[in-house]
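**Student:** Compute the structure for the input listed below.
(chains A and B)
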Amino acid sequence: MGAVDLSIDGLVIYYILLIIPLGLMLWLHIPMIGKTLVSIVRMTLQLAFVGLYLQVVFKINSPWLNSLWLVVMVGVADFSIIRGCGLRLARFAGPLFGALVAGTALPLLFFVGPLLKRPNLMDAQYVIPIGGMILGNCLRADIIGIRNFYESLKKGEKAFILSLAQGARLKEAILPYLRDACEAALMPTVATIATIGLVALPGMMTGVILGGANPVTAIKYQIAIMIAIFTGTAITVVLGILMTIRSSFTPYGVLDVASFSK
Amino acid sequence: MKQTNEITRATASANTQQSRKDTPCIEMEDVTVRFDGKTVLEKFSLMVDRGEKVVLTGPSGRGKSTVLRSILGFVVPESGTIRVLGEPLSSGAIWRLRTLIGYVPQEPDLGSGSVRDWLERPFSYRANKELKKNLAKLPEMFHQFLLPLDLLEKDVETLSGGEKQRVTIVSALLLQRPILLLDEPTSALDEASRKRLTEFLSLSSDLTVLMVSHEPELLRAADRKIKLS
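**Tutor:** Have a look, this model is predicted:
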């Protein structure tokens, strides 16, 4: 038993529901109608493209093609984080890419390998949706963590400088800021873990149930994906910050303003 | 022959010690600093000897604080040389040289947490771990600078400007640095606290102090005044 397919006509008609939020925005004069319309068009086009592409990827199911798709996903996440944090692309793209690869690959390979025991570690059916879920959460956590780290450093620059003057090495001086940034980045995931199943049925579980599996299987998948997401976000946030440090401080330990886009 | 070698070594060691004693604590030679095309210091030179108390004065915007910040490597000069105890300032040496300098900035920002935590934090740094025993001098230091001991449990964010300045001075002294850089250290202090600081500096003959100040008492107590104009 698989999920029932949606007809194109039915889906087009379903778009009519959007009249309600758009109407509310208009009524309340919320100045984001244009932005919302652009987002809906983008979502439709992006998903249509991805759907067509994934059909091909799933059909061929080549480990190389699947890996390439993951690399593209990591690249897009990398670009979005740098843009979201106001950092310079040329300086940070490489180090952040490394952090994202490490944070995504480790929980993903443990999921598909030792847990699911798939003979093909790069099986499209598992690697692409699970990788996407881990990466999507890493992206959100990284933006929160890296932004928080650099913003609190800029805001508390005097206190940071004073700790350097008191004899702190760079790693010792950034430690309080790193700690706060990681807490801010991981807090939403910890809160989700604590309330999962009570507040909402999570996406992974819903997908597995819609796919025809029984709810107990869906719960096991959900527990595993939450562990994978939490592990992945923790790795990418800490590595993401640590790997950008070399590019964002002068050799004298002072925050380099040239690291940030204007 | 062995005896001669020992004598030579002893003489060399005595000479090195003598030359270290003679080496100025701080030397700045033709230092030029520019920010966004604006010249803040141009070919500025300065020499502060061991134990000397030197005050930098002059109108605001003339680079007095920049002098202190360049000695700590927080501002990198476009040209010129800075030496601390004879060692040129470089990105490699700065981390060690900072452990020879105590710094009290103008309007210090102490971040967050209790005063006690803030004062103890520097001793968790690798460079200061051996100095942790100095924390035993805290009550004495607080008394010296007219700070009540119950202040230790207060949040640093609730301190007045004067209290922050005195707590920062206490921290710099507990870290036992031979050189002190003080940026307007009395700007938020009352008369009694100002007097205590002046007395303390005058009595600390081994301490080398370079400070920015317009305070008449500090100017009187100083060995030398340098006006930046």
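
**Student:** which stretches of the stretch 1-150 of chain A form strands?
**Tutor:** Using DSSP state E, counting those that start in this stretch, the stretch 1-150 of chain A contains no strands.

**Student:** Quick check: residues of it near chain B?
**Tutor:** Residues of the stretch 1-150 of chain A lying close to chain B by CB under 8 Å from any CB of the partner chain: none are found. Any C-beta I mention is one placed from the backbone N, CA and C, and that applies to glycine too.

**Student:** show me where the stretch 1-150 of chain A has helices.
**Tutor:** Counting by DSSP state H, counting those that start in this stretch, the segments of the stretch 1-150 of chain A that form helices are A:8-14, A:19-27, A:33-60, A:63-85, A:89-110, A:124-155.

**Student:** Just put those helices in CSV and tack on mean pLDDT.
**Tutor:** Output for these, formatted as CSV (pLDDT from 0 to 100):
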stretch, mean pLDDT
helix A:8-14, 93
helix A:19-27, 95
helix A:33-60, 91
helix A:63-85, 91
helix A:89-110, 91
helix A:124-155, 91
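
**Student:** With respect to burial, which of those helices scores highest?
**Tutor:** For the helices of the stretch 1-150 of chain A, the largest average neighbour count (mean count of other CB atoms under 10 Å in any protein chain shown) is found in helix A:124-155, namely a mean of 21.

**Student:** export the helices of the stretch 1-150 of chain A to TSV and tack on distance to A:Pro251?
**Tutor:** TSV is the format used below for those (distance: least, CB to CB, whole Å):
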stretch	distance to A:Pro251
helix A:8-14	57
helix A:19-27	50
helix A:33-60	42
helix A:63-85	23
helix A:89-110	15
helix A:124-155	17
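
**Student:** For B:Arg121, find the nearest of those helices.
**Tutor:** Of all the helices of the stretch 1-150 of chain A, helix A:124-155 sits nearest to B:Arg121, with 16.5 Å by CB to CB.

**Student:** and that closest one, what other elements does it pack with?
**Tutor:** Applying 3 or more CB pairs under 8 Å, 6 or more residues apart in numbering or on different chains; DSSP states H and E, one finds that helix A:124-155 contacts helix A:33-60, helix A:63-85, helix A:89-110, helix A:170-195, helix A:203-210, helix A:215-248.

**Student:** angle of the fifth one against helix A:215-248?
**Tutor:** Taking axes from the mean of the first three to the mean of the last three CA atoms, to 10 degrees, one finds that helix A:203-210 is oriented at 150 degrees with respect to helix A:215-248.

**Student:** Tell me which helix or strand B:Val33 sits in.
**Tutor:** Assigned by DSSP states H and E, B:Val33 belongs to strand B:26-35.

**Student:** try B:His214
**Tutor:** Using DSSP H and E, B:His214 sits within no helix or strand.

**Student:** what's the burial count for it?
**Tutor:** A count of nearby residues for B:His214, using other CB atoms under 10 Å in any protein chain shown, gives 16.

**Student:** pLDDT at the residue nearest to it when sequence neighbours are not counted, what is it?
**Tutor:** Leaving aside its chain neighbours, B:His214 sits nearest to B:Thr57 (6.0 Å; criterion: CB to CB, 6 or more residues apart in numbering or on different chains). Looking at B:Thr57, its pLDDT stands at 93.

**Student:** Which strand residues bridge B:Thr57?
**Tutor:** Taking DSSP bridges, one obtains B:Lys227 as the residues bridged to B:Thr57.

**Student:** on that earlier part again, and the strand holding B:Val33, is it in reach of chain A?
**Tutor:** No - using CB under 8 Å from any CB, we find that strand B:26-35 stays clear of chain A, coming within 11.0 Å at best.

**Student:** Find the centremost residue of chain B, please.
**Tutor:** B:Leu180 (2.0 Å; CA atoms, centre = their mean).

**Student:** Just confirm that one contacts B:Val212, I think it does.
**Tutor:** No - counting by CB atoms under 8 Å, B:Leu180 does not reach B:Val212; the two are 11.9 Å apart.

**Student:** Low-confidence ranges, the stretch 151-262 of chain A, go.
**Tutor:** Within the stretch 151-262 of chain A, the ranges that satisfy pLDDT under 70 run A:200-201, A:262.

**Student:** So which bits of it are right by chain B?
**Tutor:** Counting by CB under 8 Å from any CB, the stretch 151-262 of chain A comes close to chain B at A:156, A:158-159, A:161-169, A:172, A:176, A:250-254.

**Student:** Mark which of the residues you listed are buried, thanks.
**Tutor:** Buried subset of those (neighbour count, 16 or more other CB atoms under 10 Å in any protein chain shown): A:156, A:159, A:161-169, A:172, A:176, A:252-254.

**Student:** Return the member of these nearest to A:Leu108.
**Tutor:** For those, the nearest to A:Leu108 is A:Pro176 (31.8 Å; CB to CB).

**Student:** Assign A:Gly197 to helix, strand or coil.
**Tutor:** Judged by DSSP: H, G, I helix; E, B strand; the rest coil, the three-state class of A:Gly197 is coil.

**Student:** Who are the contact partners of it?
**Tutor:** Applying CB atoms under 8 Å, 6 or more residues apart in numbering or on different chains to A:Gly197 gives the contacts A:205, A:219, A:222.

**Student:** Same check on A:Pro119?
**Tutor:** With CB under 8 Å, 6+ apart, A:Pro119 has no contacts at all.

**Student:** how much space between it and chain B?
**Tutor:** To chain B, A:Pro119 is 49 Å away according to CB to the nearest CB, to the nearest Å.

**Student:** three-state assignment of the nearest residue to B:Ser171 once chain neighbours are set aside?
**Tutor:** Distance criterion CB to CB, 6+ apart; nearest residue to B:Ser171, sequence neighbours excluded, is B:Leu119 at 5.6 Å. What three-state DSSP gives for B:Leu119 is helix.

**Student:** And for B:Leu119, the neighbour number?
**Tutor:** Neighbours of B:Leu119 using other CB under 10 Å come to 21.

**Student:** Then A:Ile235?
**Tutor:** Number of residues near A:Ile235 (other CB under 10 Å) recorded here: 20.

**Student:** Tell me which residues touch the closest residue to it other than its chain neighbours, please.
**Tutor:** In space, and not counting its chain neighbours, A:Ile235 is closest to A:Gly103: 3.8 Å by CB to CB, 6+ apart. Listed by CB under 8 Å, 6+ apart, the contact set of A:Gly103 reads A:134, A:138, A:231-236, A:239-240.

**Student:** same question, A:Ala99
**Tutor:** A:142, A:235-236, A:239-240, A:242-243.

**Student:** Name the nearest residue to it, sequence neighbours excluded.
**Tutor:** Once flanking residues are discounted, A:Ala99 sits nearest to A:Leu239: 3.7 Å by CB to CB, 6+ apart.
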